[in-house]
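Engineer: Got a sequence here, can you model it:
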Amino acid sequence: MGRDQQWLIPAIAIAMATALCATFLKLVSGYPGQPSGITSLKAAIAIVVLTAFFRFMRYFFHLWRSGEEHPSQRILAELRPALAGFAPIAAGVAILSVFLYSITFLKSMITVVVPFWADDLFAATDRMLFIDPQAIGLALKPALPTIGVFYGLWHAAHLGGILWVLHWREGDKARHILSFMLTWSIGMACAYLFSSMGPLFTGAYDPAVAPESVRLAAEFLWANYQAKGALIGGGISAFPSMHVTIAAWLAIVLADRGWLKVGIAYFFGVFACSVILGWHYAIDGVAGAAIAMAADRLATKWLRRPGATAPLAPAVAG
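Structural biologist: Take a look at the predicted model:
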């Protein structure tokens, strides 16, 4: 397992603590909804299978490019170490599936524990900063469908980013996996403390201004909220913006790979879109960036503590 020991045990601990917290809140609040475990299981299995397939195809292409005379013999000879190397990736997918399953559950239950209260405060902050999301949206209305598509691609960046990190063989793999989980955990704690729904749901931003992709997503979230469901991807929460928070986490990851400018551009793009589309107040994105940086710092400190299994290694592109 080698370097994977750095993140496996703390990742399991975070995932289990999150699952226990979600279970406890369900029991205490009597919340009727529950995420589909079968859906999460199917998604995890599909991700593992697809990951293994593409990993094998890349390896096979490498053999072909190198002119290997006996590729089948080479594959058989390297099968066992390959499976051993893939095991931590499969374990990581399973751990993250449990973790994100629990996060979805927690997000859906926010209003049962803490009713929405902070929208007026955050809307006032926007006014102090002379930010009017709906006015900005109206000014950019012809571009809103494209902006909505860009914002929606966050889901691919979110899962794709952590899967990419899981495949790293060098660099701060452990740090970024743990900071990803801490980012979500801290973000969800703040969502409970500052329960808010965002301009789209308070009426401060007319849904008619938003593009169809945003209206459909908002309708899904509102239906899940009213039914007290826990569908995957459900749950209404404005503060902090987890879209911006994960974009900041990804920017930190990209910076470690030498793509700082790409990471910064993506972060500010998601930040701007979150306000333009009416999902969030400006303070939601500021808080998200701060949480991502704090999570990264906490993960770094954890891995450098006395007794850590191995020192942090410098980032190496791969």
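
Engineer: Could you count how many residues lie near the closest residue to residue 235 other than its chain neighbours?
Structural biologist: Leaving out its chain neighbours, the residue that sits closest to residue 235 by C-beta to C-beta, 6 or more residues apart in numbering is residue 107, at 3.0 Å. Bear in mind the C-beta positions are built from the backbone N, C-alpha and C, glycine included. Counted by other C-beta atoms under 10 Å, the residues lying close to residue 107 total 21.

Engineer: Then residue 131?
Structural biologist: Neighbourhood size, residue 131 [other C-beta under 10 Å]: 15.

Engineer: Roughly how far does it sit from residue 254?
Structural biologist: The gap separating residue 131 from residue 254 is 27 Å, by C-beta to C-beta, to the nearest Å.

Engineer: ok, which stretches of the stretch 151-300 of the chain are helices?
Structural biologist: Assigned by DSSP state H, counting those that start in this stretch, the helices in the stretch 151-300 of the chain fall at 154-166, 173-193, 199-202, 212-226, 242-256, 260-276, 282-303.

Engineer: Quick one: closest of those to residue 24.
Structural biologist: Nearest to residue 24, of all those, is helix 173-193, at 13.0 Å by C-beta to C-beta.

Engineer: Restrict that closest one to CA atoms and write it as CSV.
Structural biologist: This file holds the C-alpha atoms of helix 173-193, laid out as CSV (Å, rounded to 0.1, in the frame of the first residue of the first chain):
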residue,chain,number,x,y,z
LYS,A,173,-2.0,12.7,-3.3
ALA,A,174,-2.8,12.1,0.4
ARG,A,175,-3.0,15.8,1.1
HIS,A,176,-5.5,16.5,-1.7
ILE,A,177,-7.7,13.5,-0.9
LEU,A,178,-8.0,14.5,2.8
SER,A,179,-8.5,18.2,1.9
PHE,A,180,-11.3,17.3,-0.5
MET,A,181,-13.1,15.5,2.4
LEU,A,182,-12.4,18.2,4.9
THR,A,183,-13.6,20.8,2.4
TRP,A,184,-16.9,19.1,2.2
SER,A,185,-17.1,18.4,6.0
ILE,A,186,-16.3,22.0,7.0
GLY,A,187,-18.6,23.3,4.3
MET,A,188,-21.5,21.2,5.5
ALA,A,189,-20.9,22.3,9.1
CYS,A,190,-21.0,26.0,8.0
ALA,A,191,-24.2,25.2,6.0
TYR,A,192,-25.9,24.2,9.2
LEU,A,193,-24.7,27.2,11.1
